[in-house]
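Engineer: Structural data only, the sequence is not supplied:
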C-alpha cells in the first residue's frame, strides 16, 4: 500500500490532539478541516438537506450509500445516513476521515469508487478506532500531563490573586447580513445549513465582498 496506516493514524491523533475518538470529536476535526457533516435520510429530508442534495445532483448517491464525501473547490461535505446507529456513524465518520486525511479528495469529487483508496480508508478507520496498546498509553500520559498543567496554572493564579482581563475591539464595515468561513469561497445567509454549527464562521465585511473572492451560496442564495 502507498501509506503506512498505523503511522498515519498516529500522525493524525497528534495533529489534532485527540484524547478520545467518538462521533463528536470526529465531527469537530472535520469542521476544522473545512467540512460540513450533513445527516440525511434516504426517504425524507428537511428543506435544507433536500436543497443541497438537489443542487449537487446527489439523489442517486443518497439512495445507494450510507455515507460518502463530496469535495470540490466550493464545497466540502460529508454525508452520513441519520438512521444508522451511533456505532455505525462513528465507523463511517472514521472511514470518510481516512479518505480526507489520506488526500483521496484530490482525485475525485465524490469518494468511494477506487478500490485501493477504499482499502486505505478502511485501514485508517480500523487503527483509529482500535489503537495499539502503545498509542493508548501515550494518549493516557498526554491526558494526565495536560491535567497536571491545568491544575498548576489554577493554583498559581489563586496563589497570587491574579485577574486577567482582555478586551478586544474590532470595528468593521459589513456587507449585508451574510457570513463566510475561513476555508470557503461562498457567502451565506446566517441560517444556511452549510455553515450552521461551524466554529470558523465570520460576518462578511465590505472588504471581503469587494475582493470578489466570495460568490453567493448556491443553496441559500440561488437567485443572487
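Structural biologist: Sure thing, it's come through. Since this is a predicted model, take the numbers as computed values, not measurements.

Engineer: For the longest strand anywhere in the chain, enumerate the helices and strands it packs against.
Structural biologist: Scanning the chain for the longest strand, with DSSP state E as the assignment, gives strand 174-181. For strand 174-181, the elements it packs on are strand 186-189, strand 201-205, helix 206-210, judged by 3 or more C-beta pairs under 8 Å, 6 or more residues apart in numbering; DSSP states H and E. The way it works is simple: take the backbone N, C-alpha and C, and place the C-beta from them, glycine included.

Engineer: Now tabulate the ones you listed in JSON lines and tack on mean pLDDT and distance to residue 44.
Structural biologist: Formatted as JSON lines, the entries for those read as follows, by pLDDT from 0 to 100; distance: least, C-beta to C-beta, whole Å:
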{"stretch": "strand 186-189", "mean pLDDT": "89", "distance to residue 44": "23"}
{"stretch": "strand 201-205", "mean pLDDT": "89", "distance to residue 44": "28"}
{"stretch": "helix 206-210", "mean pLDDT": "88", "distance to residue 44": "37"}
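
Engineer: These: which one's closest to residue 37?
Structural biologist: strand 201-205 (15.0 Å; C-beta to C-beta).

Engineer: Now do the closest one: everything it contacts.
Structural biologist: Contacts made with strand 201-205 from outside it, assessed by C-beta atoms under 8 Å, 6 or more residues apart in numbering, are listed as 172-182, 187, 195, 214.

Engineer: among the residues you listed, which two are most distant?
Structural biologist: Using C-beta to C-beta, the contacts of strand 201-205 reach their maximum pairwise distance at 173 and 195, which is 20.9 Å.

Engineer: starting at the chain centroid, how far to stretch 193-208?
Structural biologist: The chain centroid and the centroid of stretch 193-208 are separated by 15 Å under C-alpha atoms, centre = their mean, to the nearest Å.

Engineer: now stretch 91-105
Structural biologist: Relative to the mean C-alpha coordinate of its chain, stretch 91-105 is positioned 11 Å out (C-alpha atoms, centre = their mean).

Engineer: With stretch 215-224 instead?
Structural biologist: The gap between where stretch 215-224 is centred and where its chain is centred comes out at 22 Å by C-alpha atoms, centre = their mean.

Engineer: for it, which positions count as buried?
Structural biologist: For stretch 215-224, burial by neighbour count (16 or more other C-beta atoms under 10 Å) applies to 217-220.

Engineer: Show the end-to-end separation of that stretch, please.
Structural biologist: One end of stretch 215-224 to the other measures 9 Å (C-alpha to C-alpha, to the nearest Å).

Engineer: which residues sit against that stretch?
Structural biologist: 48, 51-52, 55, 74, 185-189, 191-194.

Engineer: Helices of this protein, residue ranges please.
Structural biologist: 5-15, 23-32, 47-55, 59-64, 86-101, 115-129, 133-160, 206-210 (DSSP state H).

Engineer: Quickly compare the ones you listed and say which is most buried.
Structural biologist: For those, the stretch with the most neighbours on average is helix 86-101, a mean of 21; neighbours defined as mean count of other C-beta atoms under 10 Å.
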